[in-house]
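Participant: please find the sequence and the predicted model below.
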Amino acid sequence: DAGVIQSPRHEVTEMGQEVTLRCKPISGHNSLFWYRQTMMRGLELLIYFNNNVPIDDSGMPEDRFSAKMPNASFSTLKIQPSEPRDSAVYFCASSPNLYGYTFGSGTRLTVV
Amino acid sequence: DAKTTQPNSMESNEEEPVHLPCNHSTISGTDYIHWYRQLPSQGPEYVIHGLTSNVNNRMASLAIAEDRKSSTLILHRATLRDAAVYYCILRGYSTLTFGKGTMLLVSP
């Protein structure tokens, strides 16, 4: 099992540009989560999906952020337009039953 | 979810046992106690979880107080690779909410 796969590992972009982060969950896991980690705020849940359906997006900072899960094996988190304050490490996690989350290695986003 | 309180940091020597405490005085009857850890530059990693009884697995042991208002994660022999931030999290039927955790420093 390759685990949760996130891409890219690092992303540097200019303010105003669109950024798309990608996640492939573990096969058979029906829940998928996007978290963001910063020094100031720690790990924050942005959104989670169950069976490809968004269940709770209350953590999404603002309309510039959107997430999709078109099928059970793929999810994206998009920021448009990006701002310097969006700089953070973004983690994707999946779980078979809301217990025992498996996290990916994260995408380190830098917006300059 | 109910709140947990953990020390900001702890230090240990390699090969010695480590006891990481967590207070959760407002825990409800349906809350499970979960522990995750985050190694440097990695995503969080599941360690162990329990409800009422003590639990053991290959990574660690979890000792839960009889009144469930506190718990202790036990690493039986710390190694340098155990240096990480350890998170104690209470979960009912909701998602994982991470606090600040305890940074464990392990010295050779």
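Facilitator: Looks like it came in fine. Residues are numbered from 1 along each chain as shown, chains lettered A, B, ... in the order given.
Participant: C-alpha from now on. contacts and neighbour counts both.
Facilitator: Fine.
Participant: check which element follows the stretch of helix or strand A:Gln37 belongs to along the chain.
Facilitator: A:Gln37 is located in strand A:31-38, with elements delineated by DSSP states H and E. Using DSSP H and E, the helix or strand that directly follows strand A:31-38 along the chain is strand A:42-50.
Participant: helices or strands up against that next one?
Facilitator: Packing partners of strand A:42-50 (3 or more Cα pairs under 8 Å, 6 or more residues apart in numbering or on different chains; DSSP states H and E): strand A:31-38, strand A:53-56.
Participant: what packs against the shortest one?
Facilitator: Spelled out, it's strand A:53-56. strand A:42-50.
Participant: now for the residue nearest in space to the middle of chain A: which residues touch it?
Facilitator: Closest to where the C-alpha atoms of chain A average out (Cα atoms, centre = their mean) is A:Trp34, at 3.5 Å. Listed by Cα atoms under 8 Å, 6 or more residues apart in numbering or on different chains, the contact set of A:Trp34 reads A:45-48, A:77, A:90-93.
Participant: and chain A, which residues reach chain B?
Facilitator: By the rule Cα under 8 Å from any Cα of the partner chain, the part of chain A lying against chain B is A:42-45, A:91, A:98, A:100-106.
Participant: put the buried members of those into a PyMOL selection.
Facilitator: A single PyMOL command selects the buried members of these (16 or more other Cα atoms under 10 Å in any protein chain shown):
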select buried, chain A and resi 43+44+45+91+98+100+101+102+103+104+105+106
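Participant: hey, where'd the helices end up in chain B?
Facilitator: With DSSP state H as the definition, chain B shows no helices.
Participant: for it, which residues are neighbours of chain A?
Facilitator: Residues of chain B lying near chain A (Cα under 8 Å from any Cα): B:41-46, B:94-95, B:97-100.
Participant: drop anything exposed from the residues you listed.
Facilitator: Buried, going by 16+ other Cα under 10 Å: B:43-46, B:95, B:97-100, out of the residues of chain B next to chain A.
Participant: closest one to chain A out of those residues, please.
Facilitator: The closest of those to chain A turns out to be B:Gly43 (Cα to the nearest Cα; 5.1 Å).
Participant: apart from its chain neighbours, what residue comes closest to residue 34?
Facilitator: Since you didn't name a chain, this refers to chain A. Excluding the flanking residues, the one nearest A:Trp34 by Cα to Cα, 6 or more residues apart in numbering or on different chains is A:Cys92, at 4.6 Å.
Participant: look at chain B instead
Facilitator: Closest to B:His34 by Cα to Cα, 6+ apart is B:His49, at 4.2 Å.
Participant: cool, and B:Ser61?
Facilitator: Looking at B:Ser61 with Cα to Cα, 6+ apart, the closest residue is B:Ile74, at 5.1 Å.
Participant: try A:Gly16
Facilitator: What sits nearest to A:Gly16 in space, not counting adjacent residues and going by Cα to Cα, 6+ apart, is A:Pro81, at 4.5 Å.
Participant: part of a helix, is the one you found?
Facilitator: No. If the criterion is DSSP: H, G, I helix; E, B strand; the rest coil, then A:Pro81 is coil and not within a helix.
Participant: please name the residues that touch it.
Facilitator: A:15-19, A:64.
Participant: isn't A:Arg64 right next to A:Gln80, touching?
Facilitator: Yes. With contact defined as Cα atoms under 8 Å, A:Arg64 counts as touching A:Gln80 (5.1 Å).
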